[in-house]
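[1] Here is a sequence together with a model predicted from it:
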Amino acid sequence: MSEFVLDHVMMRVGDLDASLDWYKTHLDYVEYGRWEADTFDIVYLGPEDVHEEGALLELTYNHDTDEYDLGDAWGHIAVRVEDVYDAYEQLMDEGVEDYRDPDSCGGSYAFVTDPDGHEVEIVERDHGAKWSLDHTMVRVEDADEHLGFWTRKFEYEHTGRWESDTFANYFVKPEGAAEEAMAVELTYNYDGRTYEFGDAWGHLAVRTDDLVGDWETLMEREAADYRDPEDCDYNYAFTTDPDGHEIEVLNPAESPVDRED
């Protein structure tokens, strides 16, 4: 399995039951794990029979609030389908709100939103289970800096690039990762804008077989020491990218899915 493969992306939700119903009903997700604390609940979801290098969705529900600010530093999650028109029509028939249909997106992708307004892109792929997570998009203020961050700190490779007149998209994922692994999409707008984080999005998580050793390597490579393994009982740790997007470094034993052969 690839080093630092993406394990999950975390989003905060205001009504856990409504969000679970939405993802289970419309994306056929199943529940892989749940952790209930005094002040919050966490549920992990994904397609049935998730690939060993596939990623999950973590929904976090805090008991003291039902509203979150989406901000604009995080963009969307993207899910895979064979035919974007068929998939979008299916969602419309199921009562999902029409947000951006395939025709408005050039015919190769579309967008819907979940109950809290998180954008979900639907992309055509010839690999991966239907509705499996293809990528998570974050907006960045310096594309070169972020490409350097992912390639130097985590040894990711640059797997895709698309440029327009006003912005560029760059895709990165672990070197040698399976097609089914989730990628990070870095969106860079040429106008020099800055971004607000809000609190509706939480973090990306990557898995490592050697949390302490790989954390020391990240520190040698001058990654941000945000929450070290000792601070997290040696189950996980957190760093941040150059703009402050949080990245959890996860002991595989803490992943909700047993991905060993």
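    Structure's in. What do you need? Numbering: from 1, shown residues only.
[2] ok, the residue nearest to Thr194 when sequence neighbours are not counted - contacts?
    Ranked by CB to CB, 6 or more residues apart in numbering and with sequence neighbours excluded, the top spatial neighbour of Thr194 is Glu141, at 6.0 Å. Any C-beta I mention is one placed from the backbone N, CA and C, and that applies to glycine too. Contacts for Glu141 (CB atoms under 8 Å, 6 or more residues apart in numbering) come out as Tyr188, Gly192, Arg193, Thr194, Tyr195, Pro242, Asp243.
[3] out of those residues, which are buried?
    Using 16 or more other CB atoms under 10 Å as the burial test, those include Tyr188, Tyr195, Asp243 as buried.
[4] who's in contact with the last one?
    Contacts for Asp243 were tallied using CB under 8 Å, 6+ apart; they are Ala73, Val138, Val140, Glu141, His146, Tyr195.
[5] for the stretch 151-261 of the chain, what spans make up the helices?
    Taking DSSP state H, counting those that start in this stretch to define them, one finds helices in the stretch 151-261 of the chain at 211-220.
[6] Could you list the low-pLDDT ranges of the chain?
    Along the chain, segments meeting pLDDT under 70 span 1, 258-261.
[7] you'd agree Trp22 is in a helix?
    Yes: when DSSP: H, G, I helix; E, B strand; the rest coil is applied, Trp22 is found to be in a helix.
[8] what about it, how many neighbours?
    For Trp22, the count of nearby residues is 21 (other CB atoms under 10 Å).
[9] for it, what are its contacts?
    Asp114, Pro115.
[10] switch to 10 Å and redo it
    Neighbouring residues of Trp22 by CB atoms under 10 Å, 6 or more residues apart in numbering: Val13, Asp15, Tyr29, Glu94, Val96, Val112, Thr113, Asp114, Pro115, Asp116, Val120.
[11] Please identify which of these is nearest to Ala129.
    For those, the minimum distance to Ala129 (CB to CB) is 10.7 Å, reached by Tyr29.
[12] Near that closest one, how many other residues are there?
    With other CB under 10 Å as criterion, Tyr29 counts 24.
[13] Can you give me the separation between it and Asp114?
    11 Å (CB to CB, to the nearest Å).
[14] ok, now Ala18?
    Where Asp114 is concerned, Ala18 sits at a distance of 9 Å (CB to CB).
[15] Nearest to His51 among the contacts of Asp243?
    Of all the contacts of Asp243, His51 sits closest to Val138, with 22.4 Å by CB to CB.
[16] what about the closest one, distance to Gly75?
    Separation of Val138 from Gly75 (CB to CB): 6 Å.
[17] In three-state terms, label Asp17 for me.
    Applying three-state DSSP: Asp17 is helix.
[18] that older thread, counting only strands, which of the buried ones among the contacts of Glu141 make the cut?
    Tyr188 (DSSP state E).
[19] follow-up on the earlier one: identify the contacts common to Tyr29 and Asp114.
    The contact sets of Tyr29 and Asp114 overlap at Trp22, Tyr23, Leu57, Leu59 (CB under 10 Å, 6+ apart).
[20] Doesn't the third one lie inside a strand?
    Yes: when three-state DSSP is applied, Leu57 is found to be in a strand.
[21] Quick check: beta-bridge partners of the closest residue to it other than its chain neighbours?
    Nearest residue to Leu57, sequence neighbours excluded (CB to CB, 6+ apart): Leu45, at 4.8 Å. Under DSSP bridges, the beta-bridge partners of Leu45 are Glu31, Leu57.
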